[in-house]
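no FASTA, just this:
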């Protein structure tokens, strides 16, 4: 697709909105530093700082003729960014006419924070499915009374090790259905799912419910933020990891969840045919943990743990309207991850098999981290965030469903 333009090198905000509504491929790139990006951006904008294009573009924008739209907020970043993209071979790059100011002047929504549309989707899931949760006071009372509960922390392990709910075990998001039965083998045990704030605990809790786990499952409402605001103590330096153990029917149930969400399955010939379609962007993600990936993975697949992929899909796949193929030697993680991406209106596939052939080895590719001074400090990071900032973050999340309604471009659904 060649985007309609205001001039040969520009596209209007209305043109971008039309492409999003029609589910056409488009990468809308905000060129500012992440801290500025977090102050406000279009729902499906992806942050790619102008000075990091050479580091990030080829991994995040795998098709050189994909329609790209770049913008800033008057900082003068566009010309250099277009030159950087041109040097890398990108041939369909436009500027958002009038930049971010024109987007806002057109009456279109600006979303704060990072990973905004995944967080908005999580709030939509809770509002549609009434995902059960308990406040920090109730969970603390269960812990102190010795109740039969298992607290599963679905964040990255490094986040968990920094601070965690006392007694909790690290089971990163997409691992839940694969590992819940080991953490809570007795169906009478209540499973409490927590993250730092809201999104990952909502998605994790609903994942277990959707997959038919026999246990009662609840989210810790507002995660470690809610725990901290309620003045409860956190642990630091924990290293407990959940082991693999599935409940009866878990694999079939996960596949059924993916089917109900509209996920399609691919064998090797189908996958080869999809790869041959050069006119579409195709993302390939291995959603297992990093150690499994390093030990042996399919050629051409990038590592992105499934729970984080759902949370950070704008970072992993900035081309809205692209195709996504997921792989996982055990199947459950790919199925559950795919089910959520499909509900976020992605065209997503799960590749069956492939692990009985030759595999590549090696740790996931890493991109140098940005300067900490230019990075947005999440209100749930670290142990020194003020209560006021944490509460303001929660208040913002509570308003996301209404903001999605006003924006009108998302196309999300909830099974």
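Here it is on my side, so go on. Computed from a predicted structure; not experimentally measured.

Okay, residue 202 and residue 365: tell me how far apart.
For residue 202, the distance to residue 365 (C-beta to C-beta, to the nearest Å) stands at 30 Å. Using the backbone N, CA and C atoms, a C-beta is placed for each residue, glycine as well.

The two - which one has more neighbours?
Looking at residue 202 and residue 365 with other C-beta atoms under 10 Å, you find the greater number of neighbours at residue 202, namely 28 against 8.

That one against residue 220, yeah?
No: using C-beta atoms under 8 Å, residue 202 makes no contact with residue 220, being 10.5 Å away.

shared neighbours of the two, anything?
residue 133 (C-beta atoms under 8 Å, 6 or more residues apart in numbering).

Around the closest residue to residue 369 other than its chain neighbours, count how many other residues there are.
Once its chain neighbours are removed from consideration, residue 369 has its nearest residue in residue 375; the separation is 7.8 Å (C-beta to C-beta, 6 or more residues apart in numbering). Other residues within reach of residue 375, judged by other C-beta under 10 Å, total 16.

Confirm for me that residue 375 is in contact with residue 36.
No: Residue 375 is not in contact with residue 36 according to C-beta under 8 Å; the separation is 10.8 Å.

how far away is the most centrally placed residue in the chain from residue 113?
A centroid search over the chain (C-alpha atoms, centre = their mean) returns residue 311, at 2.1 Å, as the residue closest to the centre. With distances defined as C-beta to C-beta, the gap from residue 311 to residue 113 amounts to 12 Å.

do the same with residue 391
Using C-beta to C-beta, which is the criterion applied here, residue 391 is 14 Å from residue 113.

Counting neighbours, go ahead and name the busier of those two.
When neighbours are counted by other C-beta under 10 Å, residue 391 and residue 113 differ, and residue 113 comes out ahead with 19 against 15.

which regions of the stretch 301-415 of the chain sit below the pLDDT cut-off?
Per-residue confidence of the stretch 301-415 of the chain (counting by pLDDT under 70) places the weak regions at 382-383.

ok, which stretches of it are strands?
Counting by DSSP state E, counting those that start in this stretch, the stretch 301-415 of the chain has these strands, from start to end: 302-303, 319-320, 323-327, 347-351.

hang on, residue 210 packs against residue 256?
No: with contact defined as C-beta under 8 Å, residue 210 does not reach residue 256; the gap is 9.1 Å.

list residues touching both of the two?
With contacts taken as C-beta under 8 Å, 6+ apart, residue 210 and residue 256 have no neighbour in common.

Overlap in contacts, residue 311 and residue 113.
What both residue 311 and residue 113 touch, as defined by C-beta under 8 Å, 6+ apart, is the set residue 119.

and the helix or strand bottoming out on mean pLDDT in the chain, how far out from the chain's middle?
Taking mean pLDDT, DSSP states H and E as the measure, helix 387-398 is the helix or strand of the chain with the lowest mean score, a mean of 89. The chain centre lies 20 Å from the centre of helix 387-398; the measure is C-alpha atoms, centre = their mean, to the nearest Å.
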